[in-house]
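Novice: Give me coordinates for this.
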Amino acid sequence: MHCREAGSTLRQTLNDTDSTDYTYDTPGYVFDNDSAHSEEQHRCLAAAYDPVTLPRLAATGVGDGWRCLEIGSGGGSVARWLAARVVPTGEVTATDVKPHHIPEMPGLSVVRHDVVTDPLPEAAFDLIVARLVLQHLPARGAVLDKLVGALKPGGLLQIDEFDTSYEPPLLAPDARAAELYSAFLRAKAAAMRAGGGDPHWGRRVPAAMRAAGLVDIDPQPFIEARHAASAGLRLQLHHTYHLRDKLIAEGMTERDLEDVRALMRDPSFRAASSILYSTQGRRPAVGGGS
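Specialist: Numbering: from 1, shown residues only. I've put the predicted structure just below:
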């Protein structure tokens, strides 16, 4: 397959078969990618986690001629970075259920696609990236198998996912404030689980990759301090608005949300981030192995 055929093949496949309702107000993904909050969500995610995702991708040697796929591209910052690396003869396919936030550019093909229900071409990509997507999907195991099948022999899969089991407050004005922040995190995790998500899935990715047949698996954990000026805490603050209804449903009150917002804006507040695992694995080459 020529290096530019993967994106066009995927687009044609979806044009032929797509009957999905993309309102996507369904269990499994707690963040609406097309709401008043989505652009801020994309900005915060890029600011907080591109500094982890992009160096890991750069270390793969991705460059001119590579065929790449990013699923759940959101605002497209990762896909656009990849596109700039693979031109002029390569191509990046960026998919999302609501992809209109992703700006087109040379080397980038944008496709509306639901990775749970829609097909992917077999053995088509040198590199596939999925950041903070599979942990939300109840069918994450089947989706992982689908991604592995879409890799060329020798191709690389990078999955970046959280394990939120550790993200404690470290410095708060008093014990009540610390407990309120912890209660917010518990409510957010409960909202995710209610949709079939796994907020701890980051730690399970390496074993899941091995079970899916990948080799050369390389998990790298990243953790940092959250504070009022950090993109990671700004993302948490944003979630008090984006997930407001779900947090209320999990027992938080409007007063709780007002108070935790004030806490996260306090310059003296400190918390540990959750652990972001950036895990890479390779599809065995034909006739090869680990």
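Novice: so what's residue 268 closest to, chain neighbours aside?
Specialist: In this structure, residue 268 finds its nearest non-sequential neighbour in residue 171, 6.5 Å apart by C-beta to C-beta, 6 or more residues apart in numbering. C-beta here means a position set from N, CA and C on the backbone, and glycine is covered the same way.
Novice: how about residue 85, what does it touch?
Specialist: Applying C-beta atoms under 8 Å, 6 or more residues apart in numbering, we find residue 85 in contact with 58, 62-64, 66.
Novice: Neighbour count for the residues you listed - can I get that in CSV?
Specialist: Shown next, in CSV, are those (neighbours: other C-beta atoms under 10 Å):
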residue, neighbour count
58, 13
62, 21
63, 13
64, 12
66, 22
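Novice: For the stretch 101-250 of the chain, just list every one of the helices.
Specialist: 140-150, 175-194, 205-211, 231-242, 244-249 (DSSP state H, counting those that start in this stretch).
Novice: Quick check: which of those helices is nearest to residue 43?
Specialist: Residue 43 lies closest to helix 231-242 among the helices of the stretch 101-250 of the chain, at 8.5 Å (C-beta to C-beta).
Novice: Give me the buried positions along the closest one.
Specialist: Across helix 231-242, burial judged by 16 or more other C-beta atoms under 10 Å covers 231-240, 242.
Novice: got these as JSON lines, with distance to residue 92 and pLDDT columns?
Specialist: Formatted as JSON lines, these follow (distance: C-beta to C-beta, whole Å; pLDDT from 0 to 100):
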{"residue": "231", "distance to residue 92": "24", "pLDDT": "96"}
{"residue": "232", "distance to residue 92": "26", "pLDDT": "96"}
{"residue": "233", "distance to residue 92": "30", "pLDDT": "97"}
{"residue": "234", "distance to residue 92": "27", "pLDDT": "96"}
{"residue": "235", "distance to residue 92": "24", "pLDDT": "95"}
{"residue": "236", "distance to residue 92": "30", "pLDDT": "96"}
{"residue": "237", "distance to residue 92": "31", "pLDDT": "96"}
{"residue": "238", "distance to residue 92": "27", "pLDDT": "95"}
{"residue": "239", "distance to residue 92": "28", "pLDDT": "95"}
{"residue": "240", "distance to residue 92": "33", "pLDDT": "97"}
{"residue": "242", "distance to residue 92": "27", "pLDDT": "91"}
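Novice: wait, what's in contact with the residue lying closest to residue 144 once chain neighbours are set aside?
Specialist: Among residues not flanking residue 144 along the chain, residue 212 sits closest, at 5.2 Å (C-beta to C-beta, 6+ apart). For residue 212, the contacting residues are 144-145, 148, by C-beta under 8 Å, 6+ apart.
Novice: Could you do residue 62 as well?
Specialist: Counting by C-beta under 8 Å, 6+ apart, residue 62 has contacts 68, 82, 85-86, 126-127.
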